[in-house]
Each structure stands twice: as structure tokens, then as C-alpha cells.
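> everything below, folded, please.
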Amino acid sequence: MTIDRAVLALAGSMILISVLLTEFVSGYFVWLTVFVGANLLQSAFTGFCPAANIFKKLGVKSGCAFD
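Residues are numbered from 1 along each chain as shown. The predicted structure follows:
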């Protein structure tokens, strides 16, 4: 697995978890979905992604998007 795929998997998982938490726990968990979406949007324009940096430090091999 590359950093690119790991970031996508993490973002997708966080969005699904936040939707479930919003539905079954509290409506305020929608802000987690907003945060993940905003982070994905800014990383598309800037190339900076905190999750990618963490995966890089954990030794996940680089992909095309996050070198």
C-alpha cells in the first residue's frame, strides 16, 4: 500500500465513521465530516497532508501524489 492509498482509505473511513456517529450519537459529529472534507480539499491544492506525513514517518512507501 502506498501513502496515496493509505490517505484515501483513512479519509473514507473517517467520513463513514463520522456519518454513523452523526446519525446515532450526536449531530455535532458532522463537523468531523466537514474537517475531513476541508483537509482533502486543501491537500488537493497545496500538496500538504498531515496524514501523509504521519504515514511517511511510519514507513509507508511513497506514491505519486505525496512524495
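
> quick check: G63 is in a strand.
No: assigned with DSSP: H, G, I helix; E, B strand; the rest coil, G63 falls outside any strand and is coil.

> so what does it have for phi and psi?
G63 adopts backbone torsions of phi -120, psi -160, taken as degrees, to the nearest 10.

> correct me if wrong: it contacts M1.
No: G63 is beyond contact range of M1, at 9.0 Å (criterion: C-beta atoms under 8 Å). The C-beta positions use only the backbone N, C-alpha and C, and glycine is treated the same way.

> neighbour count: these two, which is higher?
Neighbour tally, G63 and M1, criterion other C-beta atoms under 10 Å: the higher count belongs to G63, 17 against 10.

> what's the spacing between the more buried one and V30?
30 Å (C-beta to C-beta, to the nearest Å).

> now do S18
7 Å.

> give me the more crowded residue out of the two.
Neighbours were counted for S18 and for V30 using other C-beta under 10 Å; S18 has more, 20 against 14.

> quick one: contacts for the residue nearest in space to the middle of the chain?
What sits nearest the mean C-alpha location of the chain, by C-alpha atoms, centre = their mean, is A11, with 3.1 Å. Going by C-beta atoms under 8 Å, 6 or more residues apart in numbering, A11 touches V36, N39, L40, A51.

> in strands, which of the residues you listed appear?
With strands identified by DSSP state E, none of the entries of those belong to them.

> what's the closest of these to K57?
Distances from K57 to those, taken as C-beta to C-beta, are shortest for A51 (10.9 Å).

> my understanding was that that closest one contacts A9; is that so?
No: between A51 and A9 there is no contact under C-beta under 8 Å: 10.0 Å.

> what about those two, which has more around it?
Shown here are A51 and A9; by other C-beta under 10 Å, A51 has more neighbours (19 against 11).

> check contacts around that one.
A51 touches A6, V7, L10, A11, N39, counting by C-beta under 8 Å, 6+ apart.

> mind doing that once more with 6 Å?
Residues near A51 by C-beta atoms under 6 Å, 6 or more residues apart in numbering: V7, L10.
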